[in-house]
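Asker: I would like to see how this sequence folds:
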Amino acid sequence: MWSRITRSPDVTVYLAESGGQPVGTACLSILPTITYDCRPTAFIEAVVVRYDHRRRGVARLMLGSALDDARRESCFKVQLLTHKRHATDGAHDLYRSLGFEAEAEGFRLYLRDAPLSPADPT
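Answerer: So this is what the prediction gives:
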């Protein structure tokens with residue numbers, strides 16, 4: 001998977017390190033669109049910081065870099081999905097402080113246990 005990610009010009013993985021050790025990651029994907037005057041949409045996912053490095057600005061730095069890159073790509077909007085359980089651990093406060101607004105209802109479908117296609121029940 002890492003090889004596939006590194007070959008994609010529209011995916012950037014941010015890695016935060018401390019003392020040469022990884023302490024955080026975030027992923028930015030840029031999706032070309034035919035809406036919004038053909039300006040792309042950016043998606044931020046997999047924002048993770050090790051517990052012992054939280055509340056030290058690690059996520060803020062990674063997200064700042066991702067937002068700078070999205071602006072550089074002339075993205076119309078940036079979407080960041082987060083789980084409801086993070087409403088009380090400070091993550092949602094961080095996202096709001098960076099200008100994100102909770103404005104949409106999201107849906108997920110995990111495919112790990114689903115058939116490959118509706119016609120293929122295996």
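
Asker: pLDDT below threshold where in the chain?
Answerer: Scanning the chain for pLDDT under 70 picks out the ranges 114-122.

Asker: for it, which segments count as strands?
Answerer: Applying DSSP state E to the chain gives strands spanning 11-18, 21-31, 41-49, 77-80.

Asker: show me how far the longest one is from its chain's centre.
Answerer: What that stands for is strand 21-31. Between the centre of strand 21-31 and the centre of its chain there are 7 Å (C-alpha atoms, centre = their mean, to the nearest Å).

Asker: next, the angle from that strand to strand 41-49.
Answerer: 170 degrees (axes from the mean of the first three to the mean of the last three C-alpha atoms, to 10 degrees).

Asker: who touches strand 21-31?
Answerer: 10-17, 40-50, 53, 58-59, 62-63, 66, 69-70, 73, 75 (C-beta atoms under 8 Å, 6 or more residues apart in numbering). Where you see a C-beta, it was placed from the backbone N, CA and C, and this is true even at glycine.

Asker: now do that strand and strand 11-18, the angle between them.
Answerer: Going by the same axes, to 10 degrees, strand 21-31 is angled at 160 degrees with respect to strand 11-18.

Asker: strand partners (parallel or antiparallel) of strand 21-31?
Answerer: Using DSSP bridges, the strands paired with strand 21-31 are strand 11-18 (antiparallel), strand 41-49 (antiparallel).

Asker: can you give me the buried ones in that strand?
Answerer: Neighbour counts using 16 or more other C-beta atoms under 10 Å place 23-30 of strand 21-31 among the buried residues.

Asker: okay, those residues in JSON lines with distance to residue 36 next?
Answerer: Below are the buried residues of strand 21-31 laid out as JSON lines (distance: C-beta to C-beta, whole Å):
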{"residue": "23", "distance to residue 36": "35"}
{"residue": "24", "distance to residue 36": "30"}
{"residue": "25", "distance to residue 36": "28"}
{"residue": "26", "distance to residue 36": "23"}
{"residue": "27", "distance to residue 36": "22"}
{"residue": "28", "distance to residue 36": "17"}
{"residue": "29", "distance to residue 36": "16"}
{"residue": "30", "distance to residue 36": "13"}
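
Asker: so which of those residues is the closest to residue 106?
Answerer: Minimum distance to residue 106 across those is 15.8 Å, recorded for residue 29 (C-beta to C-beta).
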